[in-house]
Structures are given as structure tokens and as C-alpha cells.
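Participant: Sequence plus predicted model, see below.
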Amino acid sequence: MFYAIPLENRPSWRNPPWMTVLLILLNMLVFWGPQRSEENGRERAARFYVQSVLPGLELAPFVEWLEKTDPKRGKQARRMLPHEEAYPQLLEGLQNDKPFLKKLRADEVVTPTNPQYAEWQRDRRQYEAMLPAPFTERWSQDYGKDAEFKPWTWLTAAFLHGSTGHLLGNMLFLFLFGFSVELALGRGTYLGFYLLGAVGASLLAGWAYAGKGGYGLGASGAISALMGMYAVMYRLRRIRFFYQLFFYFNYVTAPALLLLPAWIANELVQHWIGGQGIAYMAHLGGLLTGAALMAGAMWLGRVKTPETVKSEMVTDDHRFAQHVAAARKLSAAMKFEPACAEWRAAAALRPGDTDTLRAWFNTARLQPASDDFHQAARRIFRLPATDADTLALQHSSFTTYLDQAKPGVRLKPDDMARLARRFARIRQFGDADKLCRILLKTAPDHPELGDTLSVCANGLLHAGERERALGLLPHLLRLAPNDMVTRTLQRA
């Protein structure tokens, strides 16, 4: 057993790995949604099975069947048979053994001559009625001898998992390798390569395990593709890894590409040893597919290596500093129009930087009819109001903009509604009321107007200004008649 986890990089939150996060959430949604619902239904059916007449009539013949068809499993099942607590495990094996289940349903196991045949039929019908519609089996890759050809399962199986531990382990590796590969490829190419890696893993597993029974599921094949991409992307760059070799744990710094043959050798050895319950050939298929995809992408020049990304980030920082320095120099020389152009360029590089937006706005206000004045104001008004300083900047900028903008303010209804709610929360009711009045005139059917008026009225009530709040009641009765604030004002 060999694992290697990279410790070299951290996610860049300037360009978050949203696609990796989305894939993790999708895997979790499938497991804790339809898969967990199916599992709960099977557990309820199993509890009924254990208490019915079925175990005494079906399990002993099933063990005999296994002893003939699979002596190794049959021997193990024979040891389990006397213990009632092992019945659910035996039942699971029975339900997954299609040839035996076919004989059972054809009355070849419990025959009509059996004195308990009627009871068996009754309980068997009830048990099967309790079983949920198959979900995991339907979307997993089937390795059975007479399995139906379902090529879509090459992809869907990568979003299914057998247990919570299986899921969480895979999601950890998906994040550790995924964020670096996503940053290098871009979200669209990354998603395409991830899905192709899943298909490549399924194809090799389907060839290796064909006719051997069981089902293939799990994201590990696609994640192995990410590991192959990672090794090829970093090539001979020395990366620090944490690794496990059987029971030995340690750290090593080694060229990333050397890990690819180590991972491949591990999967082949595990496959030859005959590891149970793990599709090592799916891992191998993913590794080979991922390595080939990344090699092709790099040959075509479609990959941003980590060094390129860092270089771009440094370049952006340098360009930002240059624009700020130029803007300040031009402002000092009273050249306000070119200074605004420099502030605009700096804001494009750091759109959430409040100091930059404030400087751009204050420079542009000297030319209140300019597009820069209106653009800077809108950028400030659309900042996420996560702190008191940002709210204060938005309010002070609004009062300046309202007073100086020429020929008049250029605010969209969405911006006005958002600002009105924020101003009401910081008890700037005068400006909140101005915005509400403008909205009532210019956008009386705006979808957020009812909520905006409700927030303003609620703020006025808590501030003790009941009369001003009542002034909004006629509009609330039209836009939000069932709102709690509306009902409160009606009782006033």
C-alpha cells in the first residue's frame, strides 16, 4: 500500500477552486441524498427480513449454493450462518447474487411442496415491496457476466460511494490534488479532464473485471486522473510529500514525475495481490488517462504552470502599484482626467479594494458629469457590505453623489433597493426613505421593493418613528400584505 499527499501548495483564494468545491458538493449531495435514502430503505427491509420466516428458508440453501459456486465465500458464509447477527450480511450477499436470486424467485429453492411455502411467499412479497427502487446499482458500473451495456455508468459511477469513509477519503484527495490542477487548466478544461479521467478509469476497470461480478463505484478513478495530471504538470520540480508505504509514514521531497511510476506500480501490485473490494485497475486507468491528457494539454500550450500563475500574480501586483503611483502623481499635477483613467485601471485589477475605489471616486467628483464619477459610485455601492467601514463609505459616497452628480444620478433599481435596505439598518432613515420614494415612482413593480419597504418600516418602528413607518403602510399592503411588519402596522 502506497499513498503520497502533496504538501507544497495552498489554494489561491484570489482565484478560488470553485469547480473542485462544486465537485465535492455534488458527490456529497448524491451520497447523503438518494444513496442514503436507498440505504435507509434497505435497512428497514432487512429488519423485517430478520424477523420473518425468510432466513430459516433461504439462508441455508444460499450458503450451500455458495459452497458449490464460490467455495471461499461459501466457507466463510457457513461460519456465519449459526449467528443471527450475521443475517443482514448474508442477506446482502443473497440479494447481490443474481443467479441464486433468479432460482429463488422461480420457486426452485423454496418449492410449492414445502409446508411453509405460503408463509414464504407472503413474507418474500412483503420484503421485496419494502425494498427501495435501486439507485446505486442502477448508476454503478456492473461487472457481472451478463451485465447490460450501459456506457453512461462509466461517468455516473464516479459520483457514487459505498460508505461515509469511502466518500470523505476521496473528497480529501480530490481537494488536495484538484485545486492545483484547476488553477493550471482553468475551470472548463479542468472539469472536462476530470470527467474524461473518470471514463478512462471505468474503461480499464470494465475490461479488467468483466464477468467477475460486483459493481464499480467511487470518485477514486477520476481522482487518480488528477494525480496523474499533477505529476506530469510539475514534472521534475521537487515537491514535498507525505507518504505511507504499508505501515511506514514519512516525508520526502522528490521530483513530482517520479511519483507517477510509483503510483502505477502500487496499483499493479495491489491488483496482482488480489485486494478485495477496491478497483485498483480503475485507479490505474485514471492515472494513465490523466497523465496523457495533461501531457497533451502541455504540448498544446494550454496549461498555466504554478510558476506561470505566480508570475502573473506578481505582475498584477506590480501593474496595480504602477497605476496607483501614476494616479497620485497626476492628481498632484491637477491632471484629473488622466488620473481617473489610472484609478480606473487599478480598480479593474482589484475591484474590491475600498481605498482604490474611494480615491477614484474623490478624484472623479471634481468632474461630476464624467462617466468616471458615475462608474466609481456604482462600484462603491455594489461592494459587499460586510463591515461598518464599508457601509460608512457607501453612505458618505451616496450623499456626495446625490448632491453633485450631473445631470443626475444614474442608479439602477437593484442598486437603490440594496442601498435603501443597508441605510435603514444603519438608521440613516432619511436617505433610505429618499431611495424608497424614487423606487415607488420609477420601479413600482420591482421584485425587491416589498422587502425593501418592509426593512425600512421595521427600522423606523424599532427607532420609535411609528408615524413615518405608517406612511409606508399603503404600499406594503399592495406589495407585502402578509409580511409581519405589515400586520404590525395594521394593528398600530
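Facilitator: Thanks, I have it.

Participant: now Gln490: how far from Gly450?
Facilitator: Applying Cβ to Cβ, to the nearest Å, one obtains 15 Å for the distance of Gln490 from Gly450. Placement of C-beta: from N, CA and C, glycine included.

Participant: Between those two, which is the more surrounded one?
Facilitator: Set Gln490 next to Gly450 and count neighbours by other Cβ atoms under 10 Å: Gly450 wins out with 19 against 12.

Participant: List the buried residues for whichever strand or helix holds the more buried one?
Facilitator: Using DSSP states H and E, Gly450 sits within helix 449-462. For helix 449-462, burial by neighbour count (16 or more other Cβ atoms under 10 Å) applies to 449-450, 452-461.

Participant: One more: stretch 371-382?
Facilitator: 372-377, 379-382.

Participant: Model confidence score at Tyr248, please.
Facilitator: Listed pLDDT for Tyr248 reads 54.

Participant: Next: Lys103.
Facilitator: The model's pLDDT for Lys103 equals 94.

Participant: how much space between it and Asp97?
Facilitator: Lys103 is 10 Å from Asp97, by Cβ to Cβ.

Participant: ok, these two, which is more surrounded?
Facilitator: Asp97 (19 against 15).

Participant: Is it correct that the more buried one is in contact with Phe62?
Facilitator: Yes - the criterion here is Cβ atoms under 8 Å, and Asp97 meets it with Phe62 at 7.3 Å.

Participant: Can you list which of the buried residues of stretch 371-382 are found in helices?
Facilitator: Those of those mapping onto helices are 372-377, 379-381, per DSSP state H.

Participant: Of all pairs in the residues you listed, which one is the farthest apart?
Facilitator: Greatest spatial distance among those (Cβ to Cβ): Asp372 and Phe381, at 14.8 Å.

Participant: low-scoring pLDDT stretches of the protein, where are they?
Facilitator: Within the chain, the stretches with pLDDT under 70 are 1-15, 236-258, 263, 271, 274-277, 304-316, 492.

Participant: hmm, what's the outermost residue in this protein?
Facilitator: Thr113 (56.0 Å; Cα atoms, centre = their mean).

Participant: For that residue, what is the enclosing helix or strand?
Facilitator: Thr113 belongs to no helix or strand, assigned by DSSP H and E.

Participant: got the phi/psi numbers for it?
Facilitator: phi -80, psi -10 (degrees, to the nearest 10).

Participant: ok, now Asp142?
Facilitator: Per-residue torsions, Asp142: phi -90, psi 120 (degrees, to the nearest 10).

Participant: bridging residues for it?
Facilitator: Note on Asp142: beta-bridge partners by DSSP bridges are Tyr215.

Participant: ok, of the buried residues of helix 449-462, which one's closest to Glu108?
Facilitator: Gly450 (68.0 Å).

Participant: rewinding a little: shared neighbours of Lys103 and Asp97, anything?
Facilitator: Among the neighbours of Lys103, those also in contact with Asp97 (Cβ atoms under 8 Å, 6 or more residues apart in numbering) are Trp65.

Participant: Can you spell out the domain ranges of the chain, please?
Facilitator: For the chain, automatic domain parsing gives the domain ranges 2-16+147-304, 22-139, 339-491.

Participant: got the end-to-end distance for the second one?
Facilitator: Read it as domain 22-139. 20 Å (Cα to Cα, to the nearest Å).

Participant: List the residues that contact Thr111.
Facilitator: Tyr117.

Participant: meant to ask about Ala480
Facilitator: Neighbours of Ala480 in contact, by Cβ under 8 Å, 6+ apart: 450-451, 453-454, 486.

Participant: if we take the residues you listed, which one ends up nearest to Gly200?
Facilitator: Nearest to Gly200 out of these is Asp451 (Cβ to Cβ; 49.2 Å).

Participant: Hmm, the closest one is touching Arg421, no?
Facilitator: Yes - under the criterion of Cβ under 8 Å, Asp451 makes contact with Arg421 at 7.5 Å.

Participant: In stretch 117-124, which residues are buried?
Facilitator: For stretch 117-124, burial by neighbour count (16+ other Cβ under 10 Å) applies to 120, 123-124.

Participant: Please work out how many residues are found near Leu26.
Facilitator: The number of residues packed near Leu26 is 12, by other Cβ under 10 Å.

Participant: doesn't Ala158 make contact with it?
Facilitator: No - look at Leu26 against Ala158 with Cβ under 8 Å: they stay out of range, at 10.3 Å.

Participant: who wins for proximity to Leu330 among the domains of the chain?
Facilitator: Closest to Leu330 of the domains of the chain, according to Cβ to Cβ: domain 339-491, at 3.8 Å.

Participant: from the chain's centre, how far out does the closest one sit?
Facilitator: Its chain's C-alpha centre and that of domain 339-491 lie 33 Å apart, by Cα atoms, centre = their mean, to the nearest Å.

Participant: Give me the distance between the two termini of that domain.
Facilitator: 56 Å.
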